[in-house]
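*Asks:* Predicted model and sequence follow; I will ask about them next.
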Amino acid sequence: MTVMVREPRAEDRDAFLAMWEDFVALAPSEPGNHAMGPLNWERIMGTEHALQCLLAADADDRPRAFVLFLAFPFTWSRGDVCYLQDIYVCPEARGRGMAQALIARVAEIGRARGWFKIFWMTQSDNFAAQRLYDKVAERKDYIRYDLNLRAP
């Protein structure tokens, strides 16, 4: 399968929303508003939000994967850090290098912009994702804490 990583276009909205629905269905117990797909689309297509998106498309230019990320100042570095917030690959496209291509493209962007690092989290039982992540990054031994301040 040929993988093309590109920025989203207006005509990708339906494909993104379908992937978002599949993505949130994978984590039904994750606290948050699972209906954020349309608002996230508006955020990534607008200019007033820091949230960015890349899509991985197949040879027919159909989006099959996405990554959502944002960069911000880091108190331990002169360079910004990037939080790779969400990454998803359609089931029929898994194992074909799309997630790795998305991460590689985010890294290219980060090098060009002078970021210090990219970081992300995954569920402890997401072994398929961890196999990839262990190849492209260094696993750290941090524990995540959430202090929810309001309803999502």
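*Replies:* Here it is on my side, so go on. What you are looking at is a predicted structure, and each value in this text was computed from that prediction instead of being measured.

*Asks:* rest of the way, CA atoms for contacts and neighbours
*Replies:* OK.

*Asks:* in this protein, which helix has the most residues?
*Replies:* As assigned by DSSP state H, the longest helix anywhere in the chain is helix 98-113.

*Asks:* got any ranges where this protein has weak pLDDT?
*Replies:* By pLDDT under 70, the low-scoring segments of the chain are 1.

*Asks:* Would you map the helices across it?
*Replies:* All helices of the chain, identified by DSSP H, fall at 13-25, 37-45, 98-113, 127-136.

*Asks:* Nearest approach to residue 89 belongs to which of those?
*Replies:* With C-alpha to C-alpha as the criterion, residue 89 lies closest to helix 98-113 of the helices of the chain, at 6.7 Å.

*Asks:* What is that closest one packed up against?
*Replies:* Packed against helix 98-113, as judged by 3 or more C-alpha pairs under 8 Å, 6 or more residues apart in numbering; DSSP states H and E, are the following elements: strand 4-6, strand 52-57, strand 63-72, strand 81-89, strand 117-119.

*Asks:* between the ones you listed, which gets nearest to residue 15?
*Replies:* strand 63-72 (6.4 Å).

*Asks:* Next, the angle from the closest one to helix 98-113.
*Replies:* Angle of strand 63-72 versus helix 98-113, following axes from the mean of the first three to the mean of the last three C-alpha atoms, to 10 degrees, is 30 degrees.

*Asks:* Buried residues of strand 63-72, list them for me.
*Replies:* Going by neighbour count (16 or more other C-alpha atoms under 10 Å), the buried part of strand 63-72 is 63-71.

*Asks:* Kindly reformat these as a markdown table and extend each row with distance to residue 26.
*Replies:* Formatted as a markdown table, these follow (distance: C-alpha to C-alpha, whole Å):
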| residue | distance to residue 26 |
| --- | --- |
| 63 | 19 |
| 64 | 16 |
| 65 | 14 |
| 66 | 15 |
| 67 | 15 |
| 68 | 16 |
| 69 | 19 |
| 70 | 22 |
| 71 | 25 |
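
*Asks:* What is the nearest of the residues you listed to residue 135?
*Replies:* For those, the minimum distance to residue 135 (C-alpha to C-alpha) is 17.7 Å, reached by residue 67.

*Asks:* Can you get me a residue count around the residue nearest to residue 118 when sequence neighbours are not counted?
*Replies:* Closest residue in space to residue 118, ignoring its immediate chain neighbours: residue 82 at 4.5 Å, by C-alpha to C-alpha, 6 or more residues apart in numbering. Residue 82: 21 surrounding residues under other C-alpha atoms under 10 Å.
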